[in-house]
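J.: Kindly generate the corresponding structure for this input.
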Amino acid sequence: MNHFDGPKLVINHEDLPPESSEPKAPERKTDPMAILSASLGVVSVLFAGVIFGPLAFGIGAIAWNRRRLYPPSRTNFSRIGMTTGLVGTLIWAIGIGWFLFHQKTIVQHTQQSGWNQTENGNVDLAAIERTPLHIKRALLAHVSIVVERLDGNAWSMVTSGSGVMVSSSQGEVEILTCRHVIESAIKSETHRIRARWLGGRAESIQISWSSTPDLDLAVLHGSGSPNQALPPSPPVGDATTLAIGDEVFAVGDPLNFRASFIRGGISAIRTHENSSSIIIIQSQIPLNPGNSGGGLYNSNGELIGINSWRLKDSTEGMGFSVSINNLWNYTNKMPKNLADIFNNFKMNNINQNQKTSQPQKGK
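T.: Numbering: from 1, shown residues only. Now for the predicted structure:
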C-alpha cells in the first residue's frame with residue numbers, strides 16, 4: 001500500500017466567510033417605462049403627435065421620478081421621451097391649427113365668391129359686354145341661387161346652384177332651376193331661397209312649382225324692385241333637333257364661381273332610367289357642384305336643357321341635362337298663370353325663330 005508523505009493542504013473552515021441566506025440583488029437595467037417613453041416620443045413626431053406626444057411626456061416624467069432605482073446612465077431614455085413627446089405635440093398642434101384655419105379660409109372664400117363677396121361676384125362686366133351676343137344673352141339670364149337655413153339668429157348656406165330667368169316684367173321674375181337645388185326649402189319652413197343675377201337680385205323668392213324627382217325641375221317666382229333693369233330671357237331651342245357631336249355650352253356657378261361659361265359637345269341623347277318619356281342630354285360638359293339648374297344652350301345660344309346631374313364618381317367630362325322639351329309636357333300640371341308664362345315663352349321663341357328663318361324678299 002503506497003503512502004503519500006508530502007505536505008498536506010489543510011482547509012480551515014473557520015477562515016471562510018459565512019454563506020448568505022439572502023438572494024443576490026439583480027443587476028439594475030434600463031427602466032422599461034423610459035424606453036416606452038422614448039419610443040412613443042419618436043412616434044409622436046412622425047404620426048399623431050397630439051395623442052402620442054402627451055403620452056410620451058407623461059410616461060417619461062414617471063420614469064424620471066424613478067431614476068433612483070436605476071443607474072444615472074440609464075435615465076437618458078426618459079429625457080428623450082419627454083423631449084420628443086413635447087416636440088411632437090407642438091408640431092402636430094401647430095399643424096392641425098394651421099390646417100383648420102386654412103380650411104375655414106377656403107370655405108369662407110368659396111361662400112363669398114358665390115354670394116356675399118360683391119354684388120356681381122367679381123365678374124368682369126366689361127368682358128361680358130365684349131362677349132358674342134348669343135353667349136352674352138345666356139350669361140345675363142343666368143341666376144345664382146342659394147338656399148339658407150336659420151341657425152339661431154343667423155342664416156347659414158345649405159346648398160347653392162344655378163337657374164335661368166325665363167320671364168321678367170316690372171320687377172317680377174320666373175326662374176327655372178333643378179328641384180334638387182331647392183329640395184331642402186321644399187321640405188323645411190326654416191329655409192329660405194335667395195336669388196341674384198348680374199346687376200340685380202330678388203328681394204323675396206317663392207317656389208311656384210316643382211316636378212317629380214325624376215324630372216328634377218322647379219320654378220321660382222322672384223319679386224324685386226319694379227325700377228330695376230331686368231335682363232331678357234334667352235331664346236328657347238328645340239332639343240329634338242340635336243345630333244351627336246353638336247356643339248353646346250353651359251352657364252353656371254361651378255364651385256360657386258358665378259356665371260361661368262363651359263363649352264362641350266353632345267355625347268348622347270338618352271331616356272331617363274325610371275321614365276322613358278323624360279329625355280336626357282349627355283354632353284362633354286363637366287358639371288361641378290353649383291352648375292345644377294343652369295342652362296344648356298346650343299351653338300346659337302338657344303336654351304335646350306337644364307343641367308341636372310353628374311355621375312357620383314369623380315368622372316370628368318360627363319354631364320347630364322334635362323331636355324327643355326320635357327317641360328312642355330308638364331305645363332298642364334302647373335298653376336294656370338305659370339303655365340301661361342311658359343306657353344308664351346315657348347310660342348314667342350317659336351314665332352321669332354320662324355321669322356328669322358324666312359327668306360328675305362329682295363327690293
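
J.: ok, residue 178 - contacts?
T.: 161, 216, 217, 218, 292, 293, 306, 307, 308, 322 (CB atoms under 8 Å, 6 or more residues apart in numbering). The C-beta positions use only the backbone N, C-alpha and C, and glycine is treated the same way.

J.: the helices in the stretch 51-200 of the chain, which residues?
T.: Along the stretch 51-200 of the chain, counting by DSSP state H, counting those that start in this stretch, helices occupy 76-111, 125-129, 133-140, 183-187.

J.: just to revisit the earlier point, pick out the lowest-pLDDT one from the contacts of residue 178.
T.: Taking the contacts of residue 178 together, the minimum pLDDT is found at residue 308 (90).

J.: returning to what we had before: which of the helices of the stretch 51-200 of the chain comes out lowest on mean pLDDT?
T.: Among these, helix 76-111 scores lowest, with a mean of 66.

J.: which residues does residue 247 contact?
T.: 263, 264, 265, 298, 299.

J.: Those residues in strands, which ones?
T.: Of the positions in these, 263, 264, 265, 298 sit in strands, assigned by DSSP state E.

J.: Of these, select the buried ones using a PyMOL command.
T.: To isolate the buried ones among these in PyMOL, judged by 16 or more other CB atoms under 10 Å, type:
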select buried, resi 264+298
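
J.: Residue 130: which of the ones in strands among the contacts of residue 247 is nearest?
T.: Closest to residue 130 out of those is residue 263 (17.1 Å), distances taken as CB to CB.

J.: Check the secondary structure at the closest residue to that closest one other than its chain neighbours for me.
T.: Spatial nearest neighbour of residue 263, chain neighbours left out: residue 249 (4.5 Å); criterion: CB to CB, 6 or more residues apart in numbering. With DSSP: H, G, I helix; E, B strand; the rest coil as the basis, residue 249 sits in strand.

J.: Who are the contact partners of residue 249?
T.: By CB under 8 Å, 6+ apart, the neighbours of residue 249 are 135, 138, 261, 262, 263, 264, 285, 296, 297, 299.

J.: Could you point out the longest strand of this protein?
T.: strand 154-169.

J.: That one: how far from the chain's middle?
T.: Here the centre of strand 154-169 is set off from its chain's centre by 18 Å, with CA atoms, centre = their mean, to the nearest Å.

J.: partners of that strand, with directions?
T.: strand 142-151 (antiparallel), strand 172-177 (antiparallel) (DSSP bridges).
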